[in-house]
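Trainee: Provided below are the primary sequence and the corresponding predicted coordinates.
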Amino acid sequence: MLDMIAGATRPLVLVVEDEAALATMLRYNLEKQGFRVEEAADGQEALTRIAESQPDLVLLDWMLPALSGLEVCRQIRRRPATRDLPVIMVTARTEDQDAVRGLNTGADDYITKPFNTEALVARMRALLRRAGAVPAKSTLSFHDITMDLSTHRVVRGGRALHLGPTEFRLLEFFLQHPRRVFSREELLDAVWGKDIHVEPRTVDVHIRRLRKAINGEVELDLVRTVRAAGYALDTEAV
Ligand code: CA
């Protein structure tokens, strides 16, 4: 359920890879980096998935059964709905010459196996930024708070707020889902990430800091504590 809630801001990547072990490794690493991941094991399935799920980016293996990566890429470019969909071609070292052909066919970039996840993620983010997929919205607001995602400035009623990185992400998440109550575990998953082990009470510490930063001396408390349930960004703070 949380995946769906947070999904709006997490880019969806379609991993097209016929080697199951590599696909699993990619899914694990990309999810850890905040992406949502879907998989397709051959070229035909890739085209079906793209039409159904409308991913933000496709990671496309060159050597695939049924339909080659090259052909999949051609078809992506041929269809008006996917003409601008970012595609990164994944090749083996021996296929480097082919990769250059792949770029001619319309892939935006290519990466050679074996590659490290950081290099891949950096290229993915660059492409997504160019495609305008990240961030989806440049400002978020609620009540008298406005957050500018491109400059990282947060203002409340004309007063600039100074937030630590964790408080910023917490507030960003709350601003995306105002008035909704989230448990500590949900906040941990959404703000810290599923694979990082943090004690639930750490959330309380950061909520306290967030409260202190956004609520001045006399301003309305916008962080609502819901006993036994969690926290929400709300004007009805109790
Ligand atoms: Ca392959």
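Mentor: Sure thing, it's come through.
Trainee: now the strands for this protein?
Mentor: Using DSSP state E, the strands of the chain run over residues 12-16, 36-40, 57-61, 87-92, 109-113, 139-142, 145-148, 153-156, 159-161, 223-226, 230-233.
Trainee: Please work out how many residues are found near the residue of the chain found nearest the ion.
Mentor: Nearest residue of the chain to the ion: residue 63, at 4.0 Å (C-beta to the ion). Glycine gets a C-beta too; all of them are placed from N, C-alpha and C. The tally of other residues near residue 63 (other C-beta atoms under 10 Å) stands at 15.
Trainee: I figured it was touching residue 69, is that so?
Mentor: Yes - using C-beta atoms under 8 Å, residue 63 is in contact with residue 69, at 7.0 Å.
Trainee: ok, back up a step: pLDDT score assigned to the residue of the chain closest to the ion?
Mentor: Predicted confidence (pLDDT) for residue 63: 88.
Trainee: Residue 203 now?
Mentor: For residue 203, pLDDT reads 94.
Trainee: which residues does it contact?
Mentor: The contact partners of residue 203, taken as C-beta atoms under 8 Å, 6 or more residues apart in numbering, are 184, 187, 188, 231.
Trainee: Among these, which lie within helices?
Mentor: 184, 187 (DSSP state H).
Trainee: Any chance of TSV for the contacts of residue 203, columns pLDDT and neighbour count?
Mentor: Listed next are those as TSV, based on pLDDT from 0 to 100; neighbours: other C-beta atoms under 10 Å:
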residue	pLDDT	neighbour count
184	92	18
187	91	23
188	88	20
231	94	23
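Trainee: of all the contacts of residue 203, which two lie farthest apart?
Mentor: Across the contacts of residue 203, no pair lies farther apart than 188 and 231, at 11.8 Å, counting by C-beta to C-beta.
Trainee: Is the closest residue to residue 174 other than its chain neighbours bridged to anything, and to what?
Mentor: Ranked by C-beta to C-beta, 6 or more residues apart in numbering and with sequence neighbours excluded, the top spatial neighbour of residue 174 is residue 233, at 3.6 Å. Judged by DSSP bridges, the bridge partners of residue 233 are residue 223.
Trainee: Could you check how many residues crowd around residue 233?
Mentor: Applying other C-beta under 10 Å, we find 25 residues neighbouring residue 233.
Trainee: low-confidence ranges in the protein?
Mentor: 1-9, 93-102, 133-137, 194-195, 237-238 (pLDDT under 70).
Trainee: Write out the residues of it neighbouring the ion.
Mentor: Residues of the chain lying close to the ion (C-beta under 5 Å from the ion) are 18, 61, 63.
Trainee: from these, which is closest to residue 162?
Mentor: Closest approach to residue 162 among the residues of the chain next to the ion (C-beta to C-beta): residue 61, at 45.5 Å.
Trainee: these two touch, right, the residue nearest to residue 174 and residue 225?
Mentor: No - when contacts are counted by C-beta under 8 Å, residue 233 is not listed as touching residue 225 (11.5 Å).
Trainee: Can you pull the domain assignment for the protein?
Mentor: Listed by automatic domain parsing, the domain ranges of the chain are 12-131, 139-233.
Trainee: Give me whichever of those domains is most buried.
Mentor: Mean neighbours per residue, mean count of other C-beta atoms under 10 Å, is largest over the domains of the chain for domain 12-131, with a mean of 18.
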